[in-house]
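*Asks:* got a sequence here, can you model it:
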Amino acid sequence: MKIFGKGFSKQLIEASKELAKSTDAAGVLLETGKSNEIGNRLYPSCGFEIYDEVNFYEWTNKI
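*Replies:* This next block holds a predicted model:
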């Protein structure tokens with residue numbers, strides 16, 4: 001069953017934006033990999049702006 005292209009992602013994002021508004025949240029922050037072509041097209045189409053002002057760093061405790 002193909003679920004891509006049905007608009008579910010946009011509906012979920014719009015619901016999250018409405019939840020943020022209704023709870024007076026400061027906003028919604030999304031993160032995606034540079035190679036995530038779908039996400040990198042989807043988020044701007046839903047009104048999100050890319051924020052290039054910061055670097056994201058991660059440290060993993062390899063026990």
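
*Asks:* where along this structure do the helices fall?
*Replies:* Here the chain has its helices, by DSSP state H, at 8-22, 37-45.

*Asks:* report all helices and strands that the first one contacts.
*Replies:* Here helix 8-22 touches helix 37-45, going by 3 or more C-beta pairs under 8 Å, 6 or more residues apart in numbering; DSSP states H and E. Bear in mind the C-beta positions are built from the backbone N, C-alpha and C, glycine included.

*Asks:* what does stretch 40-60 rub up against?
*Replies:* Residues outside stretch 40-60 that contact it (C-beta atoms under 8 Å, 6 or more residues apart in numbering): 9-10, 13-14, 17, 28, 30-32, 34.

*Asks:* as PDB, could you dump the C-alpha coordinates of stretch 41-59?
*Replies:* Output in PDB follows, covering the C-alpha atoms of stretch 41-59 (Å, rounded to 0.1, in the frame of the first residue of the first chain):
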ATOM      1  CA  ARG A  41      11.400  20.000   0.300                       C
ATOM      2  CA  LEU A  42       8.500  19.400   2.600                       C
ATOM      3  CA  TYR A  43       9.400  21.700   5.500                       C
ATOM      4  CA  PRO A  44       9.800  24.900   3.400                       C
ATOM      5  CA  SER A  45       6.600  24.100   1.600                       C
ATOM      6  CA  CYS A  46       4.900  24.100   5.000                       C
ATOM      7  CA  GLY A  47       6.200  27.600   5.900                       C
ATOM      8  CA  PHE A  48       9.400  26.600   7.700                       C
ATOM      9  CA  GLU A  49      12.600  28.600   7.100                       C
ATOM     10  CA  ILE A  50      16.000  27.100   7.200                       C
ATOM     11  CA  TYR A  51      18.100  28.400  10.000                       C
ATOM     12  CA  ASP A  52      21.800  28.500   9.000                       C
ATOM     13  CA  GLU A  53      23.000  30.600  11.900                       C
ATOM     14  CA  VAL A  54      24.100  27.700  14.200                       C
ATOM     15  CA  ASN A  55      26.000  24.400  13.900                       C
ATOM     16  CA  PHE A  56      24.500  21.300  15.400                       C
ATOM     17  CA  TYR A  57      26.900  19.100  17.300                       C
ATOM     18  CA  GLU A  58      26.400  15.700  18.900                       C
ATOM     19  CA  TRP A  59      28.500  13.700  21.300                       C
END
